[in-house]
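Undergrad: 3D model of this:
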Amino acid sequence: MAQAITVTETDGNNVNLVIPTEENQSPQEVLAKMTGYKNPEANNYLLNQLYRIVGKDQLPAAMALMDGIAPQTPLEGIMAVQLVTLHHMTQTFASKMNNDGNTYAQNDGIVNRTTKLVRASTALMETLIKSRNQGKQVIQVQHVTVNEGGQAMLGQASR
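TA: Here you go, the predicted model:
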């Protein structure tokens, strides 16, 4: 997406979006790429959920994050919405640490909730990666011979 998605108006429960498109592309095709769903009702459902969690002002940025995740299947689309909402909630809780009036117990609770959200995000990211790799792990083994007087180095080297 070259241009940003903008929210034009809301009625409290729904949101109207202006979705920039590329040549020969419909807004539904843009949403399908962003959510993994070709069904407009599924797209509306997912985006309304996202809207209720992140709000009107953050919805375009949240949708840009989903576009960056680039779900390849409907299941990945659901995971993308969950990742974006978990990220939003994590940052919201973490920002509460900046309140000067917090007690130690309040900050402890904020850290606890934030930690749980980070763990949930990490688990969901691992699930997304496994889904994309279809459960396969790739292990690359290379044989290295070091002759007497030589030096071996693992990793990338540059001069």
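Undergrad: For this structure, just list every one of the strands.
TA: For the chain, the strands defined by DSSP state E occupy 6-10, 15-18.
Undergrad: Can you tell me which of those strands has the worst average pLDDT?
TA: Comparing mean pLDDT across those, the weakest is strand 6-10, with a mean of 75.
Undergrad: in its sheet, what does that one sit against?
TA: strand 15-18 (antiparallel) (DSSP bridges).
Undergrad: Show me which residues of the strand it pairs with are buried.
TA: Neighbour counts over strand 15-18 (16 or more other CB atoms under 10 Å) mark Val15, Leu17 as buried. All C-beta atoms are positioned from the backbone trio N, CA, C, and that covers glycine.
Undergrad: please begin residue numbering at 55 from this point
TA: Right, with 55 as the first residue, what we last looked at is strand 69-72.
Undergrad: what's the spacing between it and its chain's center?
TA: Distance, stretch centre to chain centre, for strand 69-72: 21 Å (CA atoms, centre = their mean, to the nearest Å).
Undergrad: So which residues make contact with that strand?
TA: Outside strand 69-72, the residues within contact range by CB atoms under 8 Å, 6 or more residues apart in numbering are Ile59, Thr60, Val61, Thr62, Glu63, Thr64, Pro81, Leu101, Asn102, Tyr105, Lys110, Leu113.
Undergrad: before we move on, what about stretch 114-127?
TA: Outside stretch 114-127, the residues touching it (CB under 8 Å, 6+ apart) are 55, 58-61, 87-90, 101, 104, 108, 130-131, 133-135, 137-139, 141-142, 182, 185-186.
Undergrad: Just the pLDDT for the closest residue to Lys92 other than its chain neighbours.
TA: Once flanking residues are discounted, Lys92 sits nearest to Ala86: 4.8 Å by CB to CB, 6 or more residues apart in numbering. For Ala86, the model assigns a pLDDT of 90.
Undergrad: do the same with Glu130
TA: Reported pLDDT for Glu130: 94.
Undergrad: same deal with Thr146?
TA: Reading off the model, Thr146 has pLDDT 92.
Undergrad: Might you report the residue contacts of it?
TA: Thr146 touches nothing, counting by CB under 8 Å, 6+ apart.
Undergrad: quick revisit: list buried members of the contacts of stretch 114-127 by neighbour count.
TA: Buried among the contacts of stretch 114-127 by 16+ other CB under 10 Å: 55, 59, 61, 87-90, 101, 104, 108, 130-131, 133-135, 137-139, 141-142, 182.
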